[in-house]
Every structure is written in C-alpha cells, then in structure tokens.
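Peer 1: Turn this into a structure:
(one chain, ligands or ions: 1)
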Amino acid sequence: MSRPLTVAAAQLGPIARDEPRSAVVKRMLALMQEAHEKDVDLIVFPELALTTFFPRWYFEDQADVDAFFETEMPGLETQALFDKAKELQIGFYLGYAELIKDPAGDRHFNTAILVDKTGEIIGKYRKIHLPGHEENETWRPFQHLERRYFETGDLGFGTYEGFGGTMGMCLCNDRRWPETFRVLGLKGAELVMIGYNTPLHYPPAPEHDHLQDFHNHLSMQAGAYQNGTWVVGVAKAGKEEGCDLIGKSCIIAPTGEIVAVAETLGDELITHVCDLDRCDEIRKNVFDFRRYREPENYTPITEAKEK
Ligand code: CDV
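Peer 2: Coordinates of the predicted model:
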C-alpha cells in the first residue's frame, strides 16, 4: 500500500519592511511554478509570509500594526495565489496576519490556512503558543511583540481531510511544544505543516544562540517520530531588516529522519514524495496510542495553568 503525496517546503528569504505584498506574492508564484514543474501536490509557505516579521518593532499607533494584517482572504493581492493554485492544481499552506473587523473590538490572530487544489480554503489554524512579550522592552536589540499584537488562537489544533490523508497545521513556536504534536497525532494527523520566523539571536538567553538550528530540528523531528507523522517546517530566513532569521526548512519522515533540507537563507524550494502510509511504521508499533498510552497518568498536562 502506498499513498504518495509530493510536498514542497517553499522557504522565503527576507522581506523588507517596505516590500509591497504584490512583490512577495510574485516571489511565491515563482515558487509555485517551480513546484508545478516538480509535480508537487502541496506547497507550504512560512509563518506571516506576506510581510516582514513586524512583531520585531514596537508601534505606538495601532494603524501601523494593522497595516501588516489581512482583512480578507483571498484579498486583492493574494487572489493570485488562489488562482495559481487552481490553474496548476497545487494546494498550499499560507501563514498570514488575520484582522477581523468587529464593532465590539477588532480581533488579531497569527493564522495559517490550507487551500486545496481547486483554490478553496479547507482549513484554518490560529496560533496558540504566542512567544515573546507584551510591552516595549527597550533593552532588547529588537522586540518580539507577538503577545501584544495577537490574541491566542481560538480554533484549537484541528485536522483536515484532504490531499488523500489527514492534514494538521501549527505555527512556529507551537513546534517546540510536544502537546501540539500529540493533540494533532491523537486526531490522526499524517502530515503537519509549520511555518516559522525564528531569530538566530534570542535576547533572554543568548547563550543558546548557537543551538537555534539544532532546537528547530530537534523539536520537529521529535514531534514527527513520537506521533508517527510527516512534518514540513518552513522558514522565513536570512537577514531581514538587520535581524538574522534561521533557515534549514525541512521535510521530516514519521521515523524522525530529515529527508530534505534547505541549503540557503533565501527563496528556495525543497520537495519530497511523502508516502502517508508510512505513518503506520510508527503508529502500529512503538507509538500504538490505543495500546500503549497511559492517559490516566497524564492529568497534570491538562490542568489549568497557574496564574
Ligand atoms: N515566531 C516565533 O514563534 N518565534 C519563536 C522565537 C521567538 C523563539 C520560535 O519559537 O521560533
């Protein structure tokens, strides 16, 4: 038995603060075209893929923040991605900043969508683990204000039927939490897509800077193996507005082995034919959840966190 799905990780290089969405979309369309030439079924773009990683700045004026958000999807500039998907028969995962205009108070999420080969949105995820801080911390060389600019995702860790299997999504910091993968694993995810923006320098613990690439792969390889799922991790990489972002986008097999990895810090496509049936190599063996899990002993995991 075999359920092959040709998957691409479409790493993006830096996006300048003044780079218009139309220019970024053009870069993404070129990667979609390249993917088409490689018979790709599903292409995965990074987190907040349409703009520069704006949480690195503190903005006094909310309008300056909102300028990085999308109020509709597809919108004027992003419609081209949906059209191309339909034309080339390629599905895609896209991370973007989502603004819901509401008279009771605008809502802001760090979001990812899954679009099928007909250009229809079949899944939406809103980031749950928001890293960084809420206030302007001037001692930092750059800010990480995700906790100021976004609210916690309200859709849970969902899975979506499509592409011949069960698809899961999460975003960046989520990959460091085993709970993310375990919930997706329990829901049967056979492929988990993760876009990320990870600065090389982590101001609160600079002694770990040299471990950034290692921790990136360690988290995703563990998530893949411990849940018997394919994982596709995709970076926005390179020196963006003076801030170095790690690359090393990768595709990981359910055994935890990296089967493809990006070599540059720029726009780069890597691909792999992922046999979704290979998830059983792990799930029917060492991580046969039904047989071997002991949830009665895991209750602290679901207790409310201390305030
Ligand atoms: N965009 C992110 O979520 N970045 C975090 C950094 C700040 C640690 C990450 O986990 O990669």
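Peer 1: Every contact and neighbour count from this point should use C-alpha atoms.
Peer 2: OK.
Peer 1: Correct me if wrong: F150 contacts D106.
Peer 2: No - look at F150 against D106 with C-alpha atoms under 8 Å: they stay out of range, at 10.7 Å.
Peer 1: near the ligand, which residues of the stretch 51-200 of the chain?
Peer 2: Proximity of the stretch 51-200 of the chain to the ligand, by C-alpha under 6 Å from any ligand atom, involves residues 131-132, 172-173, 196-198.
Peer 1: Got a quick ChimeraX command for the buried subset of the residues you listed?
Peer 2: Remark: buried members of these, expressed as a ChimeraX selection using 16 or more other C-alpha atoms under 10 Å:
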select :132,172,173,196,197,198
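Peer 1: which of the residues of the stretch 51-200 of the chain next to the ligand sit farthest apart?
Peer 2: Across those, the two members that end up farthest from each other (C-alpha to C-alpha) are G132 and Y196, 14.1 Å apart.
Peer 1: show me the contacts for D209.
Peer 2: Listed by C-alpha atoms under 8 Å, 6 or more residues apart in numbering, the contact partners of D209 are 200-202.
Peer 1: and with 10 Å instead?
Peer 2: Listed by C-alpha atoms under 10 Å, 6 or more residues apart in numbering, the contact partners of D209 are 199-203, 215.
Peer 1: Ok, K239 next?
Peer 2: Under the criterion of C-alpha under 10 Å, 6+ apart, the contact partners of K239 comprise 13-16, 199-200, 245-246, 265-266.
Peer 1: Can you name the secondary structure element that comes next after the helix or strand harbouring it?
Peer 2: Taking DSSP states H and E as the criterion, the element that holds K239 is strand 238-240. Following the chain from strand 238-240 toward its C-terminal end, the next helix or strand by DSSP H and E is strand 243-245.
Peer 1: Average pLDDT for that following strand, rounded please.
Peer 2: In this model, strand 243-245 carries a mean pLDDT of 98.
Peer 1: ok, now stretch 224-234?
Peer 2: Average pLDDT, stretch 224-234: 99.
Peer 1: Can you go through the contacts of K239 and name the buried ones?
Peer 2: A residue is treated as buried here by neighbour count (16+ other C-alpha under 10 Å); on that basis the buried members of the contacts of K239 are 13-15, 199-200, 245-246, 265-266.
Peer 1: related to what we said a few turns ago, report the mean confidence score over the strand holding K239.
Peer 2: Along strand 238-240, the predicted confidence averages to a pLDDT of 98.
Peer 1: Tell me the gap between it and the middle of its chain.
Peer 2: Here the centre of strand 238-240 is set off from its chain's centre by 18 Å, with C-alpha atoms, centre = their mean, to the nearest Å.
Peer 1: In stretch 55-68, which residues are buried?
Peer 2: By neighbour count, and taking 16+ other C-alpha under 10 Å as the criterion, the buried residues in stretch 55-68 are 55-56, 58, 66, 68.
Peer 1: now the end-to-end length of that stretch.
Peer 2: Across its full length, stretch 55-68 reaches 10 Å end to end, with C-alpha to C-alpha, to the nearest Å as the criterion.
Peer 1: does the closest residue to the ligand within the stretch 151-300 of the chain count as helix, strand or coil?
Peer 2: Residue nearest to the ligand within the stretch 151-300 of the chain (C-alpha to the nearest ligand atom): N173, separated by 3.3 Å. When the structure is reduced to helix, strand and coil (DSSP: H, G, I helix; E, B strand; the rest coil), N173 reads as helix.
Peer 1: Quick check: R17 vs E240, distance?
Peer 2: Between R17 and E240 the distance, using C-alpha to C-alpha, works out to 8 Å.
Peer 1: Common neighbours of the two, please.
Peer 2: Contact criterion C-alpha under 10 Å, 6+ apart; residues shared by R17 and E240: 52-53.
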